[in-house]
Structure formats: structure tokens, C-alpha cells
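Peer 1: heads up, no residue letters with this:
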């Protein structure tokens, strides 16, 4: 069957690309003739609501990119079109060029359903080509027809197993605890949404591992008791009327003040949180130190608002308890007696799990019973025990955290606690899931080259390296400015904690001055901002070394450069292929047009030629990448009920409208499928509804692949002002 078809399609979620996906995609690629087109429907978010652990699914753009990358490795000269689908059919029921659909034995019925829809739409029936199913065994064998479907490899199983694997990875690269092992136990911050079962998880951890629990809800009740400064601050902020007869703050009276005016509610809560949250943080640390004195080596801090309150900065790692929406609702209805609408209101008022996950180290699914948690917790716990001893002070020589320890503790004389806290900020930022190149490995590569340079201020260069990509979100344009600002925040915190340790107050051994003077802070911040435009302006000294090290990747050997381009493309997975193939060459060309890529004579002599060769090769590769051809858009016009004379009678206005839409060719469709002119007495709306399955509407459009319906409601004149230019 090799090369049998010119155009075919297939679909799937394609999460965590596994051998089952690769089999399906490979078969489809082999069925196409040279230059053929493959349409891949990748399941969109609208169809994923019932997926197990849907919050752990890879994003749609990442899944699309993985599919395209694999297919181009299999048959690079085919045309691939990966599209997000929002219904079970996608382009399979509207693309007239499709000749076949490739399905697995599990989804064979989907092929028949698509063909049924195609016939209803007046399109040809596709050949349904069925592949086998891959099993879970490591021998890459397919399952026979009698095999149990539970034995097939699946993305949901991989998502489940990835929880333990991710937990193991947390401590594998440059990990260091925040807490001082002499003063505090190793601390797990446990958080999650309403009715997700945080207390159930913490109780099981206490039972299984003999770990004490710090309940932040209970601490919160104690934070503003009578006689404390917090009590005075709250009363001063909200008035004496919130104090009850016993002299304590009454929570109901306080709530009455907070909710009294919807317009000021947010500001009042911000004021209250600004008073209470710092006090609770102090109480958490006090409780941890007490437990350490009593012999505890581990502790769990349970807090629903752990991330919102910034308490993740006072724990060693963060665990998120994850529960499906269905189970959350059921628990709230049973526990609180809410109806379903109230449950949805309470759940939607909180930060969704998808926004919490990037800030958490471990995810604990909890849809079942308390006992069902035990096997997973038992697998997770040994990894916690393994990473707990790692500190900034026992970092291996040459490691990133050892370098950070040198600049933070030895040069800037930061306390170990403050230095450890900021190391974890740097570490966790660079381990964000969307980073593939701008991660800890990039810092290691830059520091490797920094060791070979003759630097006048290695401390400044190290700080610039550690902070230059600390904020990195490919969809934003101000990463460098935000990174520089976070460095300034760091410097302010360092200087605020500065205590002179010599008679003259000079502690920086490289300068004889304070740890971070204003001139040093401004210089490093300027270096960070300069990475937004390497080639703009001259550079010399340490700045030249810094900029050259940042672009050293361009001069890797060809295989290393190819890995770099793949990593960058993965970070920009949200960018469509056509946009990437236009935008990336423009960036590369700007570098190639520069007189020089590197500022230092030594690095320029060693790297310039290879860097230019690498970028030229990348431009050639992008230029030869087959891209999907944009299909022609057919616009069907349907006259409205206020037309006089039907479509033909309003042709001048319709032509004007079409000029504003796109290039056009007009033809009268009176009495023919899929529209009828109102001149023959048949209303337009029923005709449109009957033909395409959706009602018309003034200036509305229905997009079903390659056909756009535009309903035009004409006025009494031929002025052509049917649609405004904006419409």
C-alpha cells in the first residue's frame, strides 16, 4: 500500500508521544505518495474535559509540534498540516481532497462516522485504513485481536507514571533546600483547591511517614488574637466594631466589613492579607523550629493559599493535590450541602490547577479514597528523603549552586538562608516546563566559557549570567526588562540585610566596598537589558565577554547547533509553522548582516566562522521545509429577509462587500445548492440552515473548514454600505 494516496487524514490527542502514536503516524506517512498531503487533527482543549489528569496534558501547540517533528523525520518531503480540532470530526468531514483516513483498531468506528458525515455533505467516501495497537511491553510488538485493551500503551498511563518520574527529577539537577537543616525540618508545602483533599493527603503522610503537620488555617485563627501587634493592626485598619464582647476579633463582624461594599472589597482584602499573611509566615517558621527541637526531620505545611501568600518561599518544595472537577463538586455537595451551581461558583473563584502546576514540584492526584493514596505516596517519599540533605554549603565543586554560593556568600556576604532562598528562585525559574534551551544547562554553558575569560569583575559577570534569563516567557516581549527588575529586587534585598563585618564596613573582597553598590547594580541591570539586542552598540571588557558567552551556542558543532534549533522551536511551539518559517529566518538574517557576531577578538576568531555557517545552514533547512498550501476560501453569500430583489438585485453592494473581504468572483446562485435567492420566494435562513446545519444571522459567518458563509442584509439603496470596513 506504499504511496497509494495523495491526501489523507488522521487524528488524536498525541499527548506524551509514544510508540502507539508513532506507529499510526508512520503508517500514514508511508501510505502517501511523494509530495502528498497529510492532515492531522490534534484534539483541542474543548474535547479534553473528561481526560484523566487533563491538567498534566501537554499544551496543544507542543503536541502539534511533536507530531510535525516526528513526521518530518520519517518523510521530510511530504506536506503536513497539523490543526487543532474542536469537534470529533475536524477537517475529515469538509476537506474534499481527502482520500483516506488512518485509524487504530481502537478508533475504527471514528472512521465510519467521518465517512457518514462526508456523504451527508456531498463529499467522497474515504478509504479507512486500520493499524494495530502497541502494547506496553518493551519489545515494540502490537497486540493481537484477542488482547485486553488494558494492555495497550496509552498517554493516560504515561501521565500517571510521570508523576513519580517528575518527583525523582526534582532533586536530580542542582537541588538545594531552603531551610537550615540545623534549625528546621525539611519542609513540604502542601496546597490545592477547595475540596481536593489536602487534609486527607497530609493525614496519610503523617500516618505513613510519621511526619508532623502544620495547619495554616489554624495558625490563621491565632494570628490576630488579642494582645498581638497583628490584632492592633487589623483593628486600626477596620475599626473597633469588629471586636466582640470577649475582646477578640469576631470573624463574622470582620467579614461584614470586608463584604460591605463590592467596590472596595478587593482593596480591603489586600489590606487584611498584607497584615495577616506575614504574621502567619512568621508563625510557620516558629512552628517548624519548635518541631525541629522536638526531633522532627520532616514537616508538612498545609495551606490552601500557599502560593498566593508567597509561603512557597519558606518551604523546601511544593506539592499540589489534584482532583477532577466532578469529584470536587461531589465532595462539596456532600460536605457543605451546596447545590451544583454553588459548587461551581466556589471552584471557579479559585485559581485553576493549571495555573498552580508550573509552581509546584510534585502533583498528587486524589480522586479516590484515602487508602488509595498510599501506593503513590510510598513511591514519592524515598525521593524526598534522598534530596533533603542537599544544601548550598555542601554543593559539589564546579556545580552551578557552588558558583552561586561563591558569589552570594563569599563575595556578597549574604546569609546562607537568604542565599539559599534566592538560589531556589533561580533554580525553579530555570526549571519551568516551557523552557527547553533557556534553562540551567544554558547557565552552565555560559559559566564554562566565563572560566576561560580574563575578567575584571567576575562577581558582576556571574550575577548577570544567573539573572539574565530568570524571567523567560516566549509569548512576551519584555523578558529582559523584567529580568533586570528582578535583579534589582534581589540587590535591594541583599543591601537591606547587609551588616558591616569590618571596621570600615567593606565586605566585598573584590571592591573593598559594600556588597552591591548602586553603580554595580545599574551596570549588571544594563547588561541584562542589553541581551534584548546583542548587536546594538559597542561592547568591551566584561560586557563583551558576557554577550559573547550568551551567543556561544551559535558556534556549536553542527549536531549541537541542530539540538539548539530544536529546543528553540519547542519554546516557540505556539507559533504556527508558516509564521516560524518567516520569522526565524528574519532573526537569523539580522545576525548574519551584522559586521561581527562576537566582540572579543579571541572569541571572534574561534567562533565567528562556524556560527555563520550554522545559521546559513539553518536558513537553507527552513527554506526547503514543505509547508501546507493555504486552501482557497470560498465565500457563500446569503441574502437577508430585508433584501429587495435578492442577491442578483444587490450585486453592486455585494461586490463592494467582497472587495472588503478578499479577492472575489461573483456568480448568481439563484435556485441552486446551497443558497436560494429571495426573488424566488424561498426565505434565505431556512435554506442556509437546511444546507449547512446552522442558522444565518446578520453579518455572521460559519467556518467549516474551507467554506465561509457570509449573510448579507442589504439596505434600500445600491450605496454598497452593507458592511463597515471594520466588520
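Peer 2: The structure has been received and is ready for your questions. Everything numeric in this text was worked out from a predicted model, so none of it was measured. Numbering: from 1, shown residues only.

Peer 1: which residues sit in contact with the residue most central in space within the chain?
Peer 2: For the chain, residue 434 is the residue whose C-alpha lies nearest the centre (C-alpha atoms, centre = their mean; 5.7 Å). Taking C-beta atoms under 8 Å, 6 or more residues apart in numbering, we find residue 434 in contact with 473, 474, 571. (Glycine included, C-beta is placed from N, CA and C.)

Peer 1: so the last one makes contact with residue 474?
Peer 2: I take that to be residue 571. Yes. With contacts counted by C-beta atoms under 8 Å, residue 571 reaches residue 474, the gap being 5.0 Å.

Peer 1: Checking the residue nearest to the centre of the chain next. Helix, strand or coil?
Peer 2: Under DSSP: H, G, I helix; E, B strand; the rest coil, the three-state class of residue 434 is coil.

Peer 1: now residue 2
Peer 2: State at residue 2, reduced to three classes by three-state DSSP: coil.

Peer 1: residues near it, how many?
Peer 2: Neighbour count of residue 2, defined by other C-beta atoms under 10 Å: 7.

Peer 1: Which pLDDT value belongs to the residue nearest to the centre of the chain?
Peer 2: pLDDT for residue 434: 94.

Peer 1: And it, how close does it get to residue 61?
Peer 2: In this view, residue 434 and residue 61 are 10 Å apart by C-beta to C-beta, to the nearest Å.

Peer 1: One more: residue 218?
Peer 2: Going from residue 218 to residue 61 by C-beta to C-beta gives 43 Å.

Peer 1: Out of these two, name the residue with the larger neighbour count.
Peer 2: A count of neighbours by other C-beta under 10 Å puts residue 61 above the other of residue 218 and residue 61, at 17 against 11.

Peer 1: For the strand or helix carrying the more buried one, name the packing helices and strands.
Peer 2: For residue 61, the host element (DSSP states H and E) is helix 60-74. Where contact means 3 or more C-beta pairs under 8 Å, 6 or more residues apart in numbering; DSSP states H and E, helix 60-74 is packed against helix 19-31, strand 32-43, strand 79-85, helix 558-571.

Peer 1: what would the ones you listed look like in JSON lines with mean pLDDT and mean neighbour count?
Peer 2: Formatted as JSON lines, those follow (pLDDT from 0 to 100; neighbours: other C-beta atoms under 10 Å):
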{"stretch": "helix 19-31", "mean pLDDT": "94", "mean neighbour count": "20"}
{"stretch": "strand 32-43", "mean pLDDT": "95", "mean neighbour count": "20"}
{"stretch": "strand 79-85", "mean pLDDT": "93", "mean neighbour count": "19"}
{"stretch": "helix 558-571", "mean pLDDT": "96", "mean neighbour count": "16"}
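
Peer 1: Relative to residue 222, which of these is closest?
Peer 2: Evaluated over these, closeness to residue 222 peaks at helix 558-571, with 45.4 Å, by C-beta to C-beta.

Peer 1: re earlier: nearest to residue 440 among the contacts of residue 434?
Peer 2: residue 571 (14.8 Å).

Peer 1: average pLDDT for stretch 224-233?
Peer 2: 93.

Peer 1: Next: stretch 384-391.
Peer 2: For stretch 384-391, the mean confidence score works out to 97.

Peer 1: What lies in contact with that stretch?
Peer 2: For stretch 384-391, contacts defined as C-beta under 8 Å, 6+ apart pick out 167, 170-171, 175-177, 181, 186, 188, 297-298, 316-317, 420.

Peer 1: which of those are buried?
Peer 2: By neighbour count, with 16 or more other C-beta atoms under 10 Å, these hold 167, 170-171, 175-177, 181, 186, 188, 298, 316-317, 420 as buried.

Peer 1: Give me the common contacts of residue 434 and residue 61.
Peer 2: Common neighbours of residue 434 and residue 61 (criterion: C-beta under 8 Å, 6+ apart): none identified.

Peer 1: residue ranges with poor pLDDT in the stretch 451-600 of the chain?
Peer 2: Along the stretch 451-600 of the chain, segments meeting pLDDT under 70 span 499-507, 512-513.

Peer 1: what are the ranges of the helices in it?
Peer 2: For the stretch 451-600 of the chain, applying DSSP state H, counting those that start in this stretch gives helices covering 458-467, 479-496, 518-530, 541-550, 558-571, 577-593.

Peer 1: Who are the packing partners of the fifth one?
Peer 2: So that's helix 558-571. Helix 558-571 packs on helix 60-74, helix 601-623, going by 3+ C-beta pairs under 8 Å, 6+ apart.

Peer 1: In three-state terms, label residue 214 for me.
Peer 2: Quick answer, by three-state DSSP: residue 214 is strand.

Peer 1: for it, which residues make a bridge with it?
Peer 2: residue 301 (DSSP bridges).

Peer 1: how near is residue 417 to residue 187?
Peer 2: With the distance defined as C-beta to C-beta, residue 417 ends up 13 Å from residue 187.

Peer 1: now swap in residue 240 and tell me
Peer 2: 38 Å.

Peer 1: do the same with residue 564
Peer 2: Distance, residue 564 to residue 187, by C-beta to C-beta: 37 Å.

Peer 1: Verify the contact between residue 625 and residue 581 for me.
Peer 2: Yes. Proximity of residue 625 to residue 581 meets the contact threshold set by C-beta under 8 Å, at 6.1 Å.

Peer 1: Contact partners for the residue lying closest to residue 429 once chain neighbours are set aside?
Peer 2: Leaving aside its sequence neighbours, residue 429 sits nearest to residue 470 (C-beta to C-beta, 6 or more residues apart in numbering; 5.0 Å). Applying C-beta under 8 Å, 6+ apart to residue 470 gives the contacts 425, 426, 429, 430, 483, 486, 487.

Peer 1: Output those in CSV, with neighbour count and distance to residue 81 appended to each entry.
Peer 2: Output for the contacts of residue 470, formatted as CSV (neighbours: other C-beta atoms under 10 Å; distance: C-beta to C-beta, whole Å):
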residue, neighbour count, distance to residue 81
425, 17, 42
426, 22, 40
429, 19, 35
430, 21, 34
483, 23, 37
486, 18, 40
487, 24, 43
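
Peer 1: quick one, what contacts the residue lying closest to residue 64 once chain neighbours are set aside?
Peer 2: Nearest-residue entry for residue 64: residue 82, 4.2 Å, with adjacent residues in sequence omitted and distances by C-beta to C-beta, 6+ apart. Going by C-beta under 8 Å, 6+ apart, residue 82 touches 40, 42, 64, 67, 68.

Peer 1: And the helix ranked longest in the chain, what does it pack against?
Peer 2: Counting residues, the longest helix found in the chain (DSSP state H) is helix 262-293. Helices and strands touching helix 262-293, by 3+ C-beta pairs under 8 Å, 6+ apart, are strand 213-215, helix 216-223, helix 229-238, helix 251-258, strand 298-302.
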